[in-house]
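# fold the following, please.
(2 chains)
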Amino acid sequence: MLNRRQFLLGSGAVIGAASLPLLFSAKLSAPSWLVSAFSNSQQQHFAGAFDLNGQLISAVRLPARGHGVLAHPTKVGHAIVYARRPGDFLLEVDFINGVINRHVTADDGYHFFGHGAFSHDGQHLMSVENNFVAGRGEIVVRDADSYQIIDRYDCQGVGPHECKLMPNSNTLVIANGGIKTHPNWPRQKLNLDTMSPALTYLDLNNGQVVDHFRLDNHQLSIRHLDISSQGKVVAGLQYQGSKSDIVPLAISHHGQSQLTILAASDNTLRPLKQYAASVCINEAENQVAISCPRGDLVTLWDLDNDNFIEQVAIRDVAGLSMNERALIATNGKGQSWDLSTAPNTRHLFNDIRWDNHLTTLTGA
Amino acid sequence: MKTLSMLTTSIALALCLSACGGGSDSTTPTVTEPEPTTPTGTIEDQFGYYLTDLANNHIVPGYQDFNQQSVAFNQAAISFCSLTNATDTDLEVLQAAWLSSNLSWQHIQWVKVGPVVSLLSRVQLWPQTYVVLEDKIDKQLLEADTITAEFIATQVVNVQGLPAAEFLLYPVTETDNLLTSDIKAKRCELVSAISQNLENMSDQLVTAWQASGDNYIDTLITGTGEYTSKQDAVEELITNWLEQMENVKDEKILIPLDDEAPGLPNSAEHYLSDQSLASIKVNIAAFQALYDAGEGHGFDDILNDFVEQQSIATSMQEKITSANAAIDLLEGSYSEALNDDTKRQILEEVIVSLRDLRDLFTTEFVQVLDLNIGFNSNDGD
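Okay, the predicted model is just below:
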């Protein structure tokens, strides 16, 4: 692993001018940081923290490409970095010092799907994993200090992806993507004709699935989600059917008997190219932001009535996160965008390709 | 070699503009960057030369040609619709004008940056199903009082562009025929509105790109505006190229080919006119221009002279040549080709060639040039 200085001085020279002036000052002045996996032009993979001034705080080298990042609830400046599927690692990273504290490997017969969630008290870490021997998705519960496995819960579906914990409840909401994969064929989708995605509610008190909600169109894979403080779930979709179909980008659910489709005209939906990456609720604006890297757009939706509001053009955009004052987006071009400002403030990180997801964590 | 290449390019461009009758020297000056003399400087400089030549040699002339063909198509529609007793021959003339306009579009169909982004679906919405297209066009024919280009431009994109015109010019039933339909005047009105709408959109594209217009060419070749650098602009263009490669390989060939004869001809791009093969040929031919910047300072020059990766340059050229050679073995009807085992084998070879090109493109080619192609948009997670 590399600390920030080693990283900057390394032969890869992956960090450019935007980050060079900083060594320690930023972490003292920054109230919150943004964290994301990223790759460089040498196909090397990292996780890095940066601030709203476009300063890279630290970065660590990953064994392979990362995916989701989860802020650690009890360790300031720390986060869990998950491997991209079908990777077999999760890392506890100290972004203050730019070091990997723990490297946890999935058990034999398992790999990570790239996302997880902490329990409300921060004592447990729930990871979404593929039991590829049995061909089912599981929530694997670990002790948040020792990372020892405590329990495994059947998601009652294949290809679960992102999960989050409901506010004020011990219920985990799982985007059961429905797509069967196997590490022997790492990026192939093995069941597109029979896939059956669902939004699943799992009670962590007993590991039982308490509810399942499906869409009529079984090829709309439910992939990523966010939950409001009032318990409204919004989930982004990735369509596996014909390119000529015009399909919704996202669904919401707030206690109803069925899922609600976020409504928009065909002319709005078509350019989104059937693919949502990250979902991020902005309660201050009462909006939901959904990134669409294939359409080069961030779309904004009304949190209350699910209607489309507007879109912001950002090429190859994927990462979204609310920090304390703004909605921040990142893209595969190495840019970060502060969408709260007009015009949107952006910073460029040289030779960095920010990966799918962005997370806010408290700095030092 | 470079000087000769640039000179050849200039001559070719001048001939093209002259022959097409399009580019007016006073209104569409060629935008240039300093010409490279020796392979020195930075890769960013190299990308600047590439962008300059690609824009001047391929993209801008392509839009100009599309404009001219669209004007001709519109004029043909006006002429046809003014006839009181149009004949099959008259209809064939109109169909030929549509085909020329369509093939011109196919040459630059791959471009998905700049002014065309907001017009793409309007010029050609594809894939779309016959049932949907029929439904949208019937709605116009039944409900619209007077159909003009301005009116059509406000309607759903299905009825605005080349597929809608094809639908009207190549009817499935006699009742929909422009010569015999009970509402042939209404159908003609719609054809004319669509052709005028196409001409208007092609006008917009030419104006938006040219230096004397909105000057998007300058944005592209300097890597400014929406781009963070020239490399960024190149990355966008090659991402467009990759997308088109996959589109041609999968949507235009693999899906219609299906597992066995007769294939799925109704899934082809131009299933009504049966002109899909001609479009595919033009699409693949454009890959050569994308690679060599229309015989200008292309990726071949950058690979050979700047990064000195001659083997990759040779392999890229071989695979582009191979794909073109394979598709050039076929002529005529696509539906017949899909139903002929010998021709199906050739189509399989085209797919293999394109797959080989894609594989080299997405590995050694982008790696040696340090280019990033759609990091998140190609992720699929």
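
# make it CA atoms for all contacts and neighbour counts henceforth
Noted.

# all helices for chain A, in order.
For chain A, helices defined by DSSP state H occupy the ranges A:4-9, A:25-29, A:266-269.

# just the CA atoms of stretch A:212-227, as PDB, please.
C-alpha atoms of stretch A:212-227 as PDB (Å, rounded to 0.1, in the frame of the first residue of the first chain):
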ATOM      1  CA  HIS A 212     -40.200  -8.700  -2.100                       C
ATOM      2  CA  PHE A 213     -41.300  -6.200  -4.800                       C
ATOM      3  CA  ARG A 214     -40.900  -7.000  -8.500                       C
ATOM      4  CA  LEU A 215     -41.500  -5.100 -11.700                       C
ATOM      5  CA  ASP A 216     -43.600  -6.300 -14.600                       C
ATOM      6  CA  ASN A 217     -40.600  -6.100 -16.900                       C
ATOM      7  CA  HIS A 218     -38.300  -8.800 -15.600                       C
ATOM      8  CA  GLN A 219     -35.300  -7.500 -17.500                       C
ATOM      9  CA  LEU A 220     -35.100  -4.200 -15.500                       C
ATOM     10  CA  SER A 221     -32.300  -5.000 -13.100                       C
ATOM     11  CA  ILE A 222     -32.600  -3.100  -9.800                       C
ATOM     12  CA  ARG A 223     -29.000  -2.200  -9.000                       C
ATOM     13  CA  HIS A 224     -28.400   0.800  -6.800                       C
ATOM     14  CA  LEU A 225     -30.500   2.700  -4.200                       C
ATOM     15  CA  ASP A 226     -30.700   5.400  -1.600                       C
ATOM     16  CA  ILE A 227     -33.100   5.900   1.300                       C
END
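
# report the buried residues of that stretch.
A:212, A:214-215, A:218-227 (16 or more other CA atoms under 10 Å in any protein chain shown).

# restricted to strands, list these.
A:His212, A:Leu220, A:Ser221, A:Ile222, A:Arg223, A:His224, A:Leu225, A:Asp226, A:Ile227 (DSSP state E).

# quick revisit: weakest of the helices of chain A by average pLDDT?
The stretch with the lowest mean pLDDT among the helices of chain A is helix A:4-9, at a mean of 30.

# mind listing what the closest residue in space to A:Val247 that isn't next to it in sequence touches?
With sequence-adjacent residues excluded and distances taken as CA to CA, 6 or more residues apart in numbering or on different chains, A:Val247 is closest to A:Gln274, at 6.3 Å. Taking CA atoms under 8 Å, 6 or more residues apart in numbering or on different chains, we find A:Gln274 in contact with A:Leu237, A:Gln238, A:Tyr239, A:Lys243, A:Ile246, A:Val247, A:Pro248, A:Leu249.

# with pLDDT and neighbour count added, can I get the residues you listed in TSV?
What follows is the contacts of A:Gln274, written out as TSV (pLDDT from 0 to 100; neighbours: other CA atoms under 10 Å in any protein chain shown):
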residue	pLDDT	neighbour count
A:Leu237	97	27
A:Gln238	96	24
A:Tyr239	95	21
A:Lys243	80	15
A:Ile246	90	20
A:Val247	95	23
A:Pro248	96	25
A:Leu249	95	28
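
# would you confirm that A:Val104 contacts A:Gly87?
No. The pair A:Val104 / A:Gly87 is not scored as a contact, 11.3 Å apart, by CA atoms under 8 Å.

# hmm, back to that, and the pLDDT at the residue nearest to A:Val247?
94.

# out of the buried residues of stretch A:212-227, who's near chain B?
A:Arg223 (CA under 8 Å from any CA of the partner chain).

# distance to B:Leu330 and pLDDT added to the buried residues of stretch A:212-227, as CSV?
Shown next, in CSV, are those (distance: CA to CA, whole Å; pLDDT from 0 to 100):
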residue, distance to B:Leu330, pLDDT
A:His212, 52, 94
A:Arg214, 46, 95
A:Leu215, 44, 93
A:His218, 39, 95
A:Gln219, 36, 95
A:Leu220, 38, 96
A:Ser221, 39, 96
A:Ile222, 43, 97
A:Arg223, 43, 96
A:His224, 45, 98
A:Leu225, 49, 98
A:Asp226, 52, 98
A:Ile227, 55, 98
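
# I figured B:Ser276 was touching B:Ala268, is that so?
Yes. With contact defined as CA under 8 Å, B:Ser276 reaches B:Ala268; the gap is 6.5 Å.

# any common contacting residues for the two?
Joint contacts of B:Ser276 and B:Ala268 (CA under 8 Å, 6+ apart) are B:Lys252.

# what parts of the stretch 101-250 of chain B come near chain A?
Going by CA under 8 Å from any CA, the residues of the stretch 101-250 of chain B near chain A are B:Trp126, B:Pro127, B:Gln128, B:Thr129, B:Asp232.

# residue numbers of the stretch 201-350 of chain A in contact with chain B?
A:223, A:243-245, A:277, A:292-294, A:316-318, A:331-333.

# in strands, which of those appear?
A:Arg223, A:Cys292, A:Val317, A:Ala318, A:Asn331.

# could you work out the most separated pair of those?
A:Arg223 and A:Asn331 (18.6 Å; CA to CA).

# how about B:Leu254, phi and psi?
When quoted as degrees, to the nearest 10, the phi and psi of B:Leu254 stand at phi -60, psi -50.

# show me the contacts for it.
B:Leu254 neighbours (CA under 8 Å, 6+ apart): B:Ile351.

# and it, how close does it get to B:Ile351?
Distance of B:Leu254 to B:Ile351, given as CA to CA, to the nearest Å: 7 Å.

# can you check A:Ser228 too?
47 Å.

# show me which of those two is the more surrounded one.
B:Ile351 (22 against 18; other CA atoms under 10 Å in any protein chain shown).

# quick one: the more buried one and B:Lys249 touch, right?
Yes. Here B:Ile351 reaches B:Lys249: they are 5.6 Å apart, a contact under CA under 8 Å.

# got a list of contacts for stretch B:283-300?
B:2, B:5-6, B:8-9, B:49-51, B:53-55, B:57-58, B:106-110, B:241, B:248, B:301, B:313, B:317, B:320-321, B:323-324.

# ditto for stretch A:117-125
A:70, A:72-74, A:116, A:126-127, A:141-145, A:147, A:163-165, A:170.
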